[in-house]
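Engineer: Next comes the sequence, and after it the predicted model I'd like to discuss.
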Amino acid sequence: MQSLIHFFLHRSIFVNLLTALLILWGGLQAFHSRREAFPNIDFDIVTVVTLYPGASPGEVESLVTNPLEDGIQEVDGIKEYRSSSLEGRSGIVITIDPDITDTSQVVDDIRSAVERTEGLPDVIEKPVVTEITSSRTPVIEYALYADPDADTDYADLRNQAQRLENLLLNVPGVARIERKGWRDAEIHVDLNPNALDANYATSGQVIRALRERNVNLPGGDLDNGERELIVRTVGEFDTARQIESTPIRSNDTGQYLPIGRVASVQEGFEDPLYLESTRGIRSISLVVIKRESADIIDLVDETRGVVREFMQTVPESIHMAEVNDISYFVKRRLRVLVSNGLQGLVLVVVSLFFFMGWRTSFMVALGIPVALGSAFIVMGFMGVTINLISMFGMIMVIGILVDDAIVVSENFYRYLESGHTVGEAAIKGTAEVIAPVLATVTTTIAAFAPMLFMSGIFGKFISVIPLVVIICLVASLLECFFILPSHLYDMNRFGSGQQEQMKSESNWFFRFRKNVYEPALAYSLQRRGWILLGFVGLLITSVFLQIAFGNFKLFPGAIETLQVRVTAPTDLNKETTERFLRAIEHEIEKLPSSELDTYVSRAGITQKDANDPFTRRGSNYGDIKIYLTPELDRERSAEEIALQLRMATAYLLDDAVQAQITKRNQEEWQYFYGDDPDHSPLPESAENPNSIPSEYSGLSGRLKTLEFEKLAGGPPVGKPVAIEITGSDFTRLLDIGKAYQALLNELEFVHDIDSDYVEGKQEVRVHVNEKVAAQAGISVAQVAEAVNTALAGTVATSIKRPEEEVDIVVRYGPEFRTDLAILNSIKIANLTQNLIPANRLIELRNGRGPASINHKNGRRLLTVSASIDERETSAAAIATAIHARDSQIRQDNLDYT
């Protein structure tokens, strides 16, 4: 090793060029490296989504989910699969075995299994199979909304959003645009059942007439010997007036019944799945999804420029809000990295200056840019990008990069003080400490290395941290063994005068060592037993303190986004759920501008992001995402703001839940503010129930759940406590779930206890008398189609326009779709074209089932979940407490897991 050190020692030009090359190359690599929020990883998750409009959760489970699961379970390489059957929707989430190397083959097998599934209803949309990756994460969201008192309608806002979408898609690096609040254009043929009866017509005849009229088919080629012509039959619709004039039937005298006589035809839009709003106003949001190769900061800056120019061309009544700018977090982490690096350089130079002089301090500090530059170079070759996780690793390691260099330089000084030449001091001083320095760095690497082998989504996310740390440590080790000795040698190889000057720069430190440190060391060695006992005591004390009070969290950072999750009574529609959101937004608007950036809400769904496996859909669900200003710019934490909002909106909860929440709120308020007279005042609605705004007083005491969650970075996770119960009988699942909920209620620091079972909407089940129907020449399918057309609507056909394909939907007019009695007025034509009243064939029965039916590996699943007070306990402690108390529950239900 000494010969290798000697080789570098006497080739200072090469060493200096190598140092400059590593710093400059690394700097250029960092400058040109792709910046993104998180590393691009495959979650090893595949989703299968199938839409079945108008179907109940039970029908979706039996007709869609079960057949699909039967095919999926035969695919090799699957760890587990979960499903959720909702009203009109089946969703299956498949987790691929992490030990499988060729995950793409498993994904292809899943697609094939879905395509081979037989027996699915004809009216469902084709199942959509999607592989989930972190590259689907949005980078920024642009929300367009209009002044409430302006003349701008939804069509105008949609046209402007379409223009902006086309402009954004032209930006290099934009992969696609996801729309929120967007409704596809439709042409509505709203039937009048009274007019149908008067003209002896049915909805089925209208649908058939539209399908037979809207035709564009090739007729073949015509060859007359010299020329060839293409023949086509063209009968496509262009306008609503053409639809109105389409004959339902006609006779040989030229008389006919046009659709316009039994229906009104108008351009419109599909019924919204969710109600999207920005700052309490209905909006359309365009979410920018970047290409994998794009730089997040550059891409956001470019799209922001496009939007700025676009907004100069729209009416003054239309406004735009930026939401969820992910590039902000990348910029902030970059600033922290640069700041920590510069601070580290300065602190190392200043602190070492007092002990070893300015020359050595500068040379030691040079190890930081050399190590970081080397790390950026290696990261570039390995395809590791600059993201929040890799920068986190660099920030962690900056503080220990110069430790080995300090040991080498200090030993160099020891030899220098002993009378050796600078060359001898550099070689012997370095060679002597190679073993201990190597051992020190190796132990640090060994501490981080196990993180490289962690499995699952979490392991994929954090694997970049040890990789970056190890690269930096190895680069720092090589720098202190081969580059640093050469630099130390160069400082005095031109004469002995500089050597004496270097010694004089640090004489005070050696006096301190001789007069203070050495006597203290001698005293400690004479009483080494007591000293050892004292340190063992400190170690044991620290272990007990960690057990009692320690609570590790990998992504603790500043919280700047809150999510409000709302569950209203099951039978409520989206518009009523939106009113609850408006009541909460009324309190959000009271936050000062120094704390509130913006907020967006959606009625009909609650989810963290597009990849959230804990998404809930239904007309009684809603959420609000509150985007706060940076934590450094506000006085209160996100927890304090959430507490204020939770107290101000507690009146919306039903009485049983409200009592528990109020007690918890008061405890938290006391925790934050105590008896401080200067603390923030209680929300008015929390102190005085009469202060509730009159427009929202009718909502008081109706919400089932109202949760405030802090959103942080990292992979998707659920609540800290989740107990999964699987079995076949739903009644027993509910009983077991109630037992666990009672158990959790007995534990301290546990709150928001809930299960994922929600009673579904009241169902009106149409039972067909098959005998009577057969005698009338009507099938059960004809009855079902007629009922579906009357209420949900049937897509008869579609027309193609430059921007989109527009469906022509046949249904009863909105004024007829509010009363169940309309089902009895439906007429169905049999084979002889006689019209049979539906009330002769059907019987209406009321029923109610679950709002969703969940499965795990084909078995029905019930999940009991809860949140915890992370200041007082941890998820591991609660899990231990549960296992200590649930033995009887397990013993009584051995066939359930």
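Structural biologist: Nice, thanks for sending it over. Residues are numbered from 1 along each chain as shown.
Engineer: Give me the number of neighbouring residues for the closest residue to Thr789 other than its chain neighbours.
Structural biologist: Distances taken as C-beta to C-beta, 6 or more residues apart in numbering place Ser203 nearest to Thr789, at 4.5 Å, with adjacent residues excluded. From N, CA and C alone the C-beta is placed, and that goes for glycine too. Neighbour count for Ser203, taken as other C-beta atoms under 10 Å: 29.
Engineer: just Asn159 next, same as before
Structural biologist: When counting by other C-beta under 10 Å, one arrives at 12 neighbours for Asn159.
Engineer: Can you point out the buried residues in the strand or helix carrying it?
Structural biologist: Element membership for Asn159 (DSSP states H and E) is helix 154-169. Buried residues in helix 154-169, counted by 16 or more other C-beta atoms under 10 Å: Asp156, Leu157, Arg158, Gln160, Ala161, Gln162, Leu164, Glu165, Leu167, Leu168.
Engineer: After that helix, which helix or strand is next?
Structural biologist: Per DSSP H and E, the helix or strand that comes after helix 154-169 is strand 174-180.
Engineer: relative to helix 154-169, how tilted is that next one?
Structural biologist: Counting by axes from the mean of the first three to the mean of the last three C-alpha atoms, to 10 degrees, strand 174-180 lies at 160 degrees to helix 154-169.
Engineer: Residue numbering should commence at 3 henceforth.
Structural biologist: OK, 3 is where the count begins now, so the last one is strand 176-182.
Engineer: same for strand 176-182, what does it pack against?
Structural biologist: Packing partners of strand 176-182 (3 or more C-beta pairs under 8 Å, 6 or more residues apart in numbering; DSSP states H and E): helix 156-171, strand 283-292.
Engineer: JSON lines for those, including mean pLDDT?
Structural biologist: Converted to JSON lines, those look like this (pLDDT from 0 to 100):
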{"stretch": "helix 156-171", "mean pLDDT": "93"}
{"stretch": "strand 283-292", "mean pLDDT": "93"}
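Engineer: Can you say which of those is nearest to Glu230?
Structural biologist: helix 156-171 (38.0 Å; C-beta to C-beta).
Engineer: Could you check how far that closest one is from the centre of its chain?
Structural biologist: 25 Å (C-alpha atoms, centre = their mean, to the nearest Å).
Engineer: what helices or strands is it leaning on?
Structural biologist: strand 140-148, strand 176-182, strand 265-271, strand 283-292, helix 298-313, strand 320-325.
Engineer: Which among these is found nearest to His190?
Structural biologist: Among those, strand 265-271 sits nearest to His190 (C-beta to C-beta), with 4.8 Å.
Engineer: May I see the buried residues of that closest one?
Structural biologist: Ala265, Val267, Gly270.
Engineer: who touches it?
Structural biologist: Strand 265-271 is contacted from outside by 156-157, 160, 185-194, 197, 208, 242-243, 245-246, 261, 812, 815, using C-beta atoms under 8 Å, 6 or more residues apart in numbering.
Engineer: Any of those residues buried? List them.
Structural biologist: 160, 185, 187-194, 208, 242, 245-246, 261, 812.
Engineer: Return the closest of those with respect to Leu354.
Structural biologist: Looking across those and measuring by C-beta to C-beta, the closest to Leu354 is Arg160, at 64.1 Å.
Engineer: gap between the closest one and Glu143?
Structural biologist: Applying C-beta to C-beta, to the nearest Å, the value for Arg160 to Glu143 is 17 Å.
Engineer: Ser702 now?
Structural biologist: For Ser702, the distance to Glu143 - C-beta to C-beta - is 33 Å.
Engineer: Who has more neighbours out of those two?
Structural biologist: More neighbours surround Glu143 than the other of Ser702 and Glu143, with 20 against 17 (other C-beta under 10 Å).
Engineer: Thought Ile286 was touching that one, still the case?
Structural biologist: No - assessed by C-beta atoms under 8 Å, Glu143 is found out of contact with Ile286, at 10.9 Å.
Engineer: re the thing from before, minimum distance to Asn342: which of the helices and strands packed on helix 156-171 has it?
Structural biologist: The nearest among these, by C-beta to C-beta, is helix 298-313 at 19.1 Å.
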